[in-house]
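Trainee: Next come a sequence and a model predicted from it.
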Amino acid sequence: MRENSQAPFSKYGFFNFKAISRHSSSLIESFNVKTPSQETPVKNLSGGNIQKILLARELSRKPKVIVAAQPTRGLDIGATEYVHHRLLEQRAEGTAILLISEDLDEILNLSDRIIVIYEGEIMGEVKTAQATPEGLGLLMAGVREGSGAEQA
């Protein structure tokens, strides 16, 4: 039995509700989740607060790798900035992040390097410092030559 991986939230199959409640309250506070109470169902929260809960769940586990697929789709500006800030914090802590996004500004602001895939084929890899929206747009359209962005 992997007791260590379940402590302090359960022991021998029994939940420790006090520990779960304390941990939940801590995450709600540290991730600035706006909720009427800890017992409020997630489905009753805004999209931004739901995304914060997902971030809290994943980041509290101290991951070495994060796959963030469309992390800000449908979020307002404030929630988008919050998600970006948290992802940048994780990157600064050494977490590897694979960002999958259709938002070119998001990609340019969060990435160290960009790989463009078109119709299942890698069209190119570009260092973010050398990337231009025009060059990336050409790669996204399937154009390799004359992309205006030096390949990494």
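Mentor: Sure thing, it's come through.
Trainee: For the residue positioned nearest the centre of the chain, what are phi and psi?
Mentor: Among the residues of the chain, the one closest to the centroid is Ala68, at 4.0 Å (C-alpha atoms, centre = their mean). The phi/psi pair for Ala68 (degrees, to the nearest 10) reads phi -110, psi 100.
Trainee: CA atoms of the helix or strand encompassing Leu138 as PDB?
Mentor: Assigning secondary structure by DSSP states H and E places Leu138 in helix 133-140. What follows is helix 133-140, C-alpha atoms only, in PDB (Å, rounded to 0.1, in the frame of the first residue of the first chain):
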ATOM      1  CA  PRO A 133       4.000  37.000 -36.200                       C
ATOM      2  CA  GLU A 134       4.400  37.100 -40.000                       C
ATOM      3  CA  GLY A 135       7.000  34.300 -40.100                       C
ATOM      4  CA  LEU A 136       5.000  32.200 -37.700                       C
ATOM      5  CA  GLY A 137       1.900  32.800 -39.800                       C
ATOM      6  CA  LEU A 138       3.600  31.500 -42.900                       C
ATOM      7  CA  LEU A 139       4.800  28.400 -41.000                       C
ATOM      8  CA  MET A 140       1.200  27.900 -39.700                       C
END
